[in-house]
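Participant: I need the structure of the sequence given here:
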Amino acid sequence: MLATALLGSAWIISVALGLGILFNYGTTPGQIGVVPAAWPSVSKIGRSNDRPTLVMLAHPRCPCTRASIGELAQIMARVQGRMDAYVLFFKPRQSGAEWEETALRAGTAAIPEVKVLSDVDGVEARRFGAETSGHTLLFDRDGGLLFSGGITQSRGHAGENAGERAIVSMVNNQPAARTGTFVFGCALGNGSQLGDKARCLK
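Facilitator: Numbers count the residues shown, from 1 in each chain. The predicted structure follows:
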């Protein structure tokens, strides 16, 4: 009886510890670099001059970013063509085309009015200060930064969230409660070398 009770207690403690680790992992935000206050003049992305422009930096092999892409689809449906949107997927310079041909990128390309581009060696990610996959920025028609952050509540969590509400409000010329949120996703990397594999935070 005592042995059974001890084993049961050990099992409960193990499960509790495991759940705690998973919770901490899911709610630990990623790094954010130096985000420019205005659209980077050196960026090769074509910013719109008559409507807001959204840019998301992403890793094509980050499982956490599926939720961010799902929320982007919801945002696009709600703003009804009043915003330009780009998703830039990291791609190592020496990799072949098949490296970035993932279900995540294909699903993103299927979202109406979203332009999908390759970010070779993460050049654009550095220009926009993104270090975590799913980092989303919104700029006004004059190039001023309106919003910077994530559009999920936690890692891989789909559903309405503060980032999504803020972007939709700003595009619709309504007051927004937030201008920034945490970003939850795999690390793109930092410095001059972004990882060729999605490195989720541990």
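Participant: measure the most centrally placed residue in the chain to Gly163 for me?
Facilitator: Taking CA atoms, centre = their mean, the centroid of the chain lies closest to Gly134, which sits 0.8 Å from it. Applying CB to CB, to the nearest Å, the value for Gly134 to Gly163 is 10 Å. Any C-beta I mention is one placed from the backbone N, CA and C, and that applies to glycine too.
Participant: Pull up the overlap in contacts between those two.
Facilitator: By CB atoms under 8 Å, 6 or more residues apart in numbering, Gly134 and Gly163 have these common neighbours: Gly150, Ile151, Thr152.
Participant: Could I get the contacting residues of the second one?
Facilitator: This means Ile151. Ser68, Glu71, Leu72, Ile75, Gly134, Thr136, Asn161, Gly163, Glu164, Ile167, Thr181.
Participant: and it, which of the three is it?
Facilitator: coil (DSSP: H, G, I helix; E, B strand; the rest coil).
Participant: And it, its phi and psi?
Facilitator: When quoted as degrees, to the nearest 10, the phi and psi of Ile151 stand at phi -120, psi 30.
Participant: quick one, helices of this structure?
Facilitator: For the chain, the helices defined by DSSP state H occupy 2-26, 65-79, 103-109, 123-128, 162-171.
Participant: how far off helix 65-79 does the last one point, in degrees?
Facilitator: Spelled out, it's helix 162-171. Here the directions of helix 162-171 and helix 65-79 differ by 30 degrees (axes from the mean of the first three to the mean of the last three CA atoms, to 10 degrees).
Participant: low-confidence ranges in this protein?
Facilitator: The chain contains residues with pLDDT under 70 at 1-27, 155-157, 189-202.
Participant: make it 90
Facilitator: 1-30, 32, 93-100, 153-160, 187-202 (pLDDT under 90).
Participant: roughly how far apart are Ala166 and Leu57?
Facilitator: For Ala166 relative to Leu57 (CB to CB), the value is 18 Å.
Participant: Compare neighbour counts for these two and give me the winner.
Facilitator: Set Ala166 next to Leu57 and count neighbours by other CB atoms under 10 Å: Leu57 wins out with 30 against 23.
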